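Asks: Make a model of this:
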Amino acid sequence: MAPLTTLVTLLFLSLAAGVPLGDSYKEESVALEFRNALSTGHVGPTLKQVAKELDLRSWVVKESHEMKAADTINLFCPACNIGFGEIIHLVNNGTDPKNIVDKLIILCRTPGFTESFNFTLPVRLQSQLLWVMEHREGLTGKDMCGMMFGGLGCHTKNPDRVWEVTLPDVEKPPVTDPVLPEPGSPVMKILHLADTHYDPDYLPGSNAVCGEKYFCCRAESGPVVHPEDAAGKWGDYRNCDAPKWLLEKLYEHVNNNYEVQLLA
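Replies: Below is the predicted model of the structure:
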C-alpha cells in the first residue's frame, strides 16, 4: 500500500472492521457496535462478520497498484471515517486516550476480528494521533482520513483542513553553479546509516515465513515446518527485521576499520 507508511496503514486496518458492506450492514449500526467495542473491548457478531468479509490480512499484503479504486472508495475510506469518528467521539467525551489504545490492542488480539496478525506494535506507535484529536476542535473522522489517506481516494471538504497557497508570479533567479573546493582542501568522512529496521524481538531459529508481511522471526511467529524456514542468527532476508547483535557488530566493524568523523 505504498507510499503510505506501513505503521500508519496497519493502525487504520485495525479499525477497518467498521466498513459497511451492502445493505446488510448499516453505517449507524456498525458505528454503534464499534463504539461499544472501543468502550468494552468486546467485538460483536456484526464486526466479526464484516472483518471476515473484508479480509484484513489481504489489505496488509497488497500494494497500492493491486488495489482497485472501487475497493478504496467502498471499503477503506468508509472504514477509516467510521473508525476515526468513533475514536474522536470517545476522546471528546472525556475517555482517557490510554484506555482507547488499550482497547484497540484488545480488539487486535480478538479471534475472528483480525486473526493472528500482530497489530499491537503499530497501534502503540500511532497512539500520538490521539493527542491531535484532543487538541483540534471540530475534527471529524472524514477530516483525519482525508488528510492522511488522500492517495487512497479519501477526501475532506472542510476548508479548515484543505487550502491552497497562491505563489507570486515572479521570475526565477538564475542558477549559479556552486564553487568546488580547491584540491587538497580539508575533507570529512561521514557515514550515514538509515533504515536499520531493528527488531528487539528477533529470535534465531524462529519461523521466517510466518505468512505475515512484517513481523516474522519472532517467538510468536508459529512453528518452523521446514528447516530452511528457520531464521538465521545474523538476520534473514525474508519478512524479518534486524537483530540487535547484527547492528552491534556493524557499528563495531565501522569503528575498527574506518576513520569516520561523523556517524549520521
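Asks: Mind jotting down where the strands sit in the stretch 51-200 of the chain?
Replies: Along the stretch 51-200 of the chain, counting by DSSP state E, counting those that start in this stretch, strands occupy 190-191.
Asks: Low-confidence regions, it specifically.
Replies: By pLDDT under 70, the low-scoring segments of the stretch 51-200 of the chain are 51-75, 108-128.
Asks: residue boundaries of the helices in it?
Replies: 56-61, 69-71, 77-92, 97-109, 120-125, 129-135, 141-148 (DSSP state H, counting those that start in this stretch).
Asks: Check which residues of the third one are buried.
Replies: By neighbour count on 16 or more other CB atoms under 10 Å, the buried set for helix 77-92 is 77-88, 90-91. Heads up, the C-betas are built off the backbone N, CA and C, glycines and all.
Asks: Export the residues you listed as TSV, with columns for distance to Glu248.
Replies: Below are these laid out as TSV (distance: CB to CB, whole Å):
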residue	distance to Glu248
Cys77	44
Pro78	46
Ala79	41
Cys80	40
Asn81	45
Ile82	45
Gly83	40
Phe84	40
Gly85	45
Glu86	43
Ile87	39
Ile88	43
Leu90	42
Val91	41
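Asks: ok so, going back, can the helices of the stretch 51-200 of the chain go into CSV with extra columns for distance to Lys249?
Replies: Converted to CSV, these look like this (distance: least, CB to CB, whole Å):
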stretch, distance to Lys249
helix 56-61, 31
helix 69-71, 44
helix 77-92, 42
helix 97-109, 34
helix 120-125, 25
helix 129-135, 36
helix 141-148, 38
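Asks: out of these, nearest to Asp229?
Replies: helix 56-61 (18.0 Å; CB to CB).
Asks: before we move on, back to that, can you tell me which of the buried residues of helix 77-92 is closest to Thr46?
Replies: Looking across the buried residues of helix 77-92 and measuring by CB to CB, the closest to Thr46 is Ile82, at 12.2 Å.
Asks: does the closest one really touch Val30, like I thought?
Replies: Yes. With contacts counted by CB atoms under 8 Å, Ile82 reaches Val30, the gap being 6.4 Å.
Asks: Quick one: closest of the helices of the stretch 51-200 of the chain to Met188.
Replies: helix 120-125 (34.2 Å).
Asks: show me what contacts Ala231?
Replies: Going by CB atoms under 8 Å, 6 or more residues apart in numbering, Ala231 touches Tyr202, Leu203, Pro204, Gly205, Ser206, Asn207, Ala208, Cys216, Cys217, Arg238, Cys240.
Asks: Please apply the same query to His42.
Replies: His42 neighbours (CB under 8 Å, 6+ apart): Asn36.
Asks: let's see 10 Å
Replies: Listed by CB atoms under 10 Å, 6 or more residues apart in numbering, the contact partners of His42 are Glu33, Asn36, Lys103, Ile106, Leu107, Thr110.
Asks: Val225 too?
Replies: Residues counted as contacts of Val225 (CB under 10 Å, 6+ apart) are Asn207, Val209.
Asks: pLDDT score assigned to it?
Replies: Looking at Val225, its pLDDT stands at 94.
Asks: That one falls within a helix, correct?
Replies: No. Assignment of Val225 by DSSP: H, G, I helix; E, B strand; the rest coil gives coil, placing it outside any helix.
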